[in-house]
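> Predicted model, plus sequence, below.
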Amino acid sequence: MDVMLRDEIYDQAVKWVLEAGRIIREKMHDPLDIEIKSNANDLVTKLDKETEQFFVRKIKEKYSDHFILGEEGYGDELSSLDGTIWIIDPIDGTMNFVHQKRNFAISVGIYHDGVGEIGIIYDVMANIVYHAKKGDGAYKDDVRLPKLMKKTTINEAIIGMNHFWLCENSLVDERHMQHFVKQIRGTRTYGSAALEFAYTAEGIIDGYISMRLSPWDVAAGIVLVNEVGGRTTDIDGNELHLLKKSAILTSNSDYHQHILENLQKGRK
């Protein structure tokens, strides 16, 4: 992607993200009209849908040749990553949004021919923007995030995890995961994959493992983590396919292979 065009798209995307966040804060105490999607833990609200529609309308008006992949289905039906694609989660952490009114984020990843060019994760209630452009570093608001520094051993790592590794269809045996957890300093669960990617990029956790994530959960975060020298793969160590769900590991590069090996030992 042309650098000048990318910078223009980036500036526009940040403005739209901040505007969408303001609208969410204004409307979040209105009736939410909560719906259940695949199961009781998979929620969607009227505001999720309205926020995605907001982005679709803005993008199609300004960049009619761009494509959109969004969680709530208001974007395009895509079979390839050709062209410029906005991958959007309008409210990542909907359960947190519904129950806590905090710890949720707007996540926007912009890819060109399969390459992550822009990543924006907005912690709406904390009013913190994590953002990155390919090759230009990653930032928390106006502060550039440092490269992820090497820790001495895996025993000092704090890893974000969610409960899906306990499910019957988890790809990794529960007993092995319990053994892995005992090797590290601790685990954290924040309830928003986007924020867990942002926290990994910031270095306040050392990695994040999830057994079931969609492209809109990870697209922006991958760009952020890449820009601080981290790695993101599936749990077999392969590059993620951004049109499919994946079991993922994002982490400090110095831990990545060690964690992958641990996960492989516990594969069912």
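Received, thanks.
> In contact with the nearest residue to Y10 once chain neighbours are set aside: list those residues for me.
Spatially, and ignoring its direct neighbours in sequence, Y10 is nearest to I118 (5.1 Å; CB to CB, 6 or more residues apart in numbering). C-betas here are computed from N, CA, C, even on glycine. I118 makes contacts with 6, 9-10, 13, 108-110, 131-134, 220, 223, as judged by CB atoms under 8 Å, 6 or more residues apart in numbering.
> Mind checking which of these land in helices?
Per DSSP state H, helices hold the following members of the contacts of I118: 6, 9-10, 13, 220, 223.
> buried stuff in stretch 128-138?
129-134, 138 (16 or more other CB atoms under 10 Å).
> List the residues that contact the closest residue to K134 other than its chain neighbours.
Nearest residue to K134 in three dimensions, chain neighbours excluded: E117, at 5.0 Å (CB to CB, 6+ apart). Going by CB under 8 Å, 6+ apart, E117 touches 1, 6, 9, 110-111, 133-134, 223.
> Can you show me the strands along the chain?
Here the chain has its strands, by DSSP state E, at 35-36, 43-44, 67-70, 84-92, 105-112, 115-123, 128-133, 138-140, 143-144, 158-161, 186-188, 207-213, 231-234, 246-251.
> Dump these into JSON lines; add distance to R25 as well.
JSON lines is the format used below for the strands of the chain (distance: least, CB to CB, whole Å):
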{"stretch": "strand 35-36", "distance to R25": "22"}
{"stretch": "strand 43-44", "distance to R25": "19"}
{"stretch": "strand 67-70", "distance to R25": "21"}
{"stretch": "strand 84-92", "distance to R25": "12"}
{"stretch": "strand 105-112", "distance to R25": "11"}
{"stretch": "strand 115-123", "distance to R25": "11"}
{"stretch": "strand 128-133", "distance to R25": "13"}
{"stretch": "strand 138-140", "distance to R25": "20"}
{"stretch": "strand 143-144", "distance to R25": "23"}
{"stretch": "strand 158-161", "distance to R25": "25"}
{"stretch": "strand 186-188", "distance to R25": "25"}
{"stretch": "strand 207-213", "distance to R25": "26"}
{"stretch": "strand 231-234", "distance to R25": "30"}
{"stretch": "strand 246-251", "distance to R25": "28"}
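> where in the protein is pLDDT low?
Per-residue confidence for the chain (pLDDT under 70) gives these ranges: 34-44, 151-152, 163-171, 268.
> Might one say that I209 is in contact with G160?
Yes: the criterion here is CB atoms under 8 Å, and I209 meets it with G160 at 7.2 Å.
> which one of the strands of the chain lies closest to H29?
The minimum distance between H29 and the strands of the chain falls on strand 84-92, with 14.6 Å, by CB to CB.
> Next, count neighbours for the closest residue to D113 other than its chain neighbours.
Spatial nearest neighbour of D113, excluding adjacent residues (CB to CB, 6+ apart): D82 at 6.0 Å. For D82, the count of nearby residues is 11 (other CB atoms under 10 Å).
> Surely D82 and Y111 touch.
No: between D82 and Y111 there is no contact under CB under 8 Å: 10.1 Å.
> which neighbours do the two share?
Joint contacts of D82 and Y111 (CB under 8 Å, 6+ apart) do not exist.
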